[in-house]
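Asker: Got a predicted model here, sequence first, then my questions.
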Amino acid sequence: MFENLTYKQKFLIVIGGFVLLSLASYKKSFKQVLMAKKELNHVETKLELTQGSFDQIYNLKSEIDMLDNIIGGHTSNPEKVQQEILDFVSKDKFKVNLVSIEDVHLFSDSEFLIYTNQMELQGSYHDLMHLLHEIEKNFKVSKVVSTNFYSKKNYRTNTNNLYLRIILQNYEKAN
């Protein structure tokens with residue numbers, strides 16, 4: 001059968017057979033290998049992105065802890081915080097009078113429980129400013145969120161008294 005063909009015809013048949021064999025082998029095996037390689041590359045890039053996520057989670061948790069300390073930390077006993085506020089204010093180095101302290105106010109939302117303490121102090125401007133500065137600088141249990149200076153006239157002694165209202169807050173995460 002192939003004896004009657006010329007070398008040119010035999011060469012074209014061999015080339016055609018090679019092309020047919022190449023197409024069949026590509027369709028049966030090489031195509032799946034190339035698709036698997038493409039999928040492997042895709043999965044490897046996703047894996048590289050997730051490997052950094054553990055470091056990111058750790059960094060975010062440490063930032064949250066740092067912010068918790070800055071904001072006022074956590075407490076489970078608001079009465080203890082109020083007692084610590086009273087102990088801090090009643091030190092001998094502060095020459096101020098505690099006029100009133102209100103009950104602990106509790107506010108809760110879906111994420112936090114916020115405890116608010118409010119107190120009113122009376123004294124000289126210098127003493128009140130010194131106390132306020134010490135509270136903001138050294139009192140780590142709760143943070144000052146608002147202050148208000150005002151004066152009232154005492155008609156019995158005919159003098160003006162200076163008052164300071166301080167609002168302090170601390171929070172804990174809601175369960």
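Answerer: Received, thanks.
Asker: what's the longest strand seen in the chain packed up against?
Answerer: The residue-count maximum for a strand in the chain (DSSP state E) belongs to strand 159-173. Applying 3 or more C-beta pairs under 8 Å, 6 or more residues apart in numbering; DSSP states H and E, one finds that strand 159-173 contacts helix 78-89, strand 112-122, helix 125-138, strand 143-154. Any C-beta I mention is one placed from the backbone N, CA and C, and that applies to glycine too.
Asker: most neighbours per residue, which of those?
Answerer: strand 112-122 (a mean of 18; mean count of other C-beta atoms under 10 Å).
Asker: to the chain's geometric centre, what's the distance from that strand?
Answerer: 24 Å (C-alpha atoms, centre = their mean, to the nearest Å).
Asker: any idea of the angle that strand forms with helix 125-138?
Answerer: 160 degrees (axes from the mean of the first three to the mean of the last three C-alpha atoms, to 10 degrees).
Asker: now the end-to-end length of stretch 94-105.
Answerer: 26 Å (C-alpha to C-alpha, to the nearest Å).
Asker: buried set for that stretch?
Answerer: Burial within stretch 94-105, assessed by neighbour count using 16 or more other C-beta atoms under 10 Å, is assigned to 94, 96, 101.
Asker: Need the contact partners of that stretch.
Answerer: 78-79, 81-82, 85-86, 89-90, 115-124, 127-128, 130-131, 134, 163-164 (C-beta atoms under 8 Å, 6 or more residues apart in numbering).
Asker: before we move on, the earlier item: in CSV, list the helices and strands packed on strand 159-173 along with distance to residue 44.
Answerer: Output for the helices and strands packed on strand 159-173, formatted as CSV (distance: least, C-beta to C-beta, whole Å):
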stretch, distance to residue 44
helix 78-89, 52
strand 112-122, 41
helix 125-138, 52
strand 143-154, 47
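Asker: okay, residue 111: pLDDT?
Answerer: You'll see residue 111 listed with a pLDDT of 75.
Asker: close enough to count as contact, it and residue 173?
Answerer: Yes - the criterion here is C-beta atoms under 8 Å, and residue 111 meets it with residue 173 at 6.7 Å.
Asker: quick one: low-confidence parts of this structure?
Answerer: 1, 68-76, 92, 174-175 (pLDDT under 70).
Asker: The residue nearest the centre of it and residue 170: what is the separation?
Answerer: Central residue of the chain (C-alpha atoms, centre = their mean): residue 64, 4.0 Å from the mean position. Remark: distance between residue 64 and residue 170 (C-beta to C-beta, to the nearest Å) = 16 Å.
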